[in-house]
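Please work out how this folds:
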Amino acid sequence: MIANNQVYQLWAALNGASSWTLGRTMPSSAGPGIPAGQLAGVYFDNSLGFGNYNAAYLTLTTRDWHGVTARSNFTWARALGTGNSSQATSSYSVLDPWNIHANYGPQFFDYKFIYNLTFLWQEPWYRSQKGILGHLLGGWTVAPVFTAQSGAPLGVFNLNGACESFGEMNCNTGSTNGNGALMGDGAVLTAALQVGHATETLDLAVAYAKERHQFGKPIGSFQAVKHLCADMLVRAEVARAAVHAAADENRALAGMVGRANDAFLLHLFDE
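Presented below is the predicted three-dimensional model:
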């Protein structure tokens, strides 16, 4: 049983064992004419990464409408890519040197929703009045600025041996930058977790509707309660289908999702 994610060290230990019979299987292994091995890791040093930013932008502007001049802006955007670090000096490896797209996922600055409002209001009173009162109360302007945005993506990191996320890198030489891909997978697995909770909650509600009696009958026999339980089932199944559809492109992830919301998570409340 593998107790942690230090896959590189595990493979290196197997490769160095006297009983190892598969030959030279690591680039850092010694070979004929290369006693120190060929390399310790594959670095992401070239300009091979990519990213994109797409957004829908809405703005509303009013000019001197009842004394108010305002501009309201709303942006709905996604920032995706293979990482936002300097590739030439990052000392990062990639998840799959033959498939750079494996690193593709949300960037750290992927703020989906951004809204800001600024307006200028000039009070209409005492504009033309002279004297002390006019100077004290006239000519005032109110100009607030309001901004709001959704949160940044949550980074997904390994607590143990994060330098070798999936065994791609020797911890003594560099790190693996798989956060973008991990965040994308993490979102799907989080959704699977929520589907599991929803399904277990539905099971608890149905069981309670069968056990609880009111007016001499189980409350589950009343049509209103039946409709509530049916609505819960429909929503849970729609969410389950959406999660499986999101994981279809990754077979390993699809298997994890299936095990998550079909087995373990359905019994969280039993423990």
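
What number of residues are in the vicinity of Gly31?
Gly31: 12 surrounding residues under other CB atoms under 10 Å. Every residue, glycine included, has its C-beta placed from N, CA and C.

ok, the closest residue to Trp140 other than its chain neighbours to Trp65 distance?
Excluding the flanking residues, the one nearest Trp140 by CB to CB, 6 or more residues apart in numbering is Glu123, at 5.0 Å. According to CB to CB, to the nearest Å, Glu123 stands 15 Å off from Trp65.

Please identify which of those two sits among more neighbours.
Counting neighbours by other CB under 10 Å for Glu123 and for Trp65 shows that Glu123 has the greater number, 13 against 10.

quick one, helices of this structure?
For the chain, the helices defined by DSSP state H occupy 7-16, 131-137, 179-211, 223-247, 251-259.

will you turn those helices into JSON lines that also has distance to Thr75 and mean pLDDT?
Below are those laid out as JSON lines (distance: least, CB to CB, whole Å; pLDDT from 0 to 100):
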{"stretch": "helix 7-16", "distance to Thr75": "40", "mean pLDDT": "72"}
{"stretch": "helix 131-137", "distance to Thr75": "39", "mean pLDDT": "70"}
{"stretch": "helix 179-211", "distance to Thr75": "21", "mean pLDDT": "80"}
{"stretch": "helix 223-247", "distance to Thr75": "24", "mean pLDDT": "88"}
{"stretch": "helix 251-259", "distance to Thr75": "30", "mean pLDDT": "53"}
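
looking at those helices, which is buried most?
Among the helices of the chain, ranked by average contacts under mean count of other CB atoms under 10 Å, first place goes to helix 179-211 (a mean of 18).

helices or strands up against that helix?
If contacts are counted by 3 or more CB pairs under 8 Å, 6 or more residues apart in numbering; DSSP states H and E, helix 179-211 sits against strand 105-106, strand 217-218, helix 223-247, helix 251-259.
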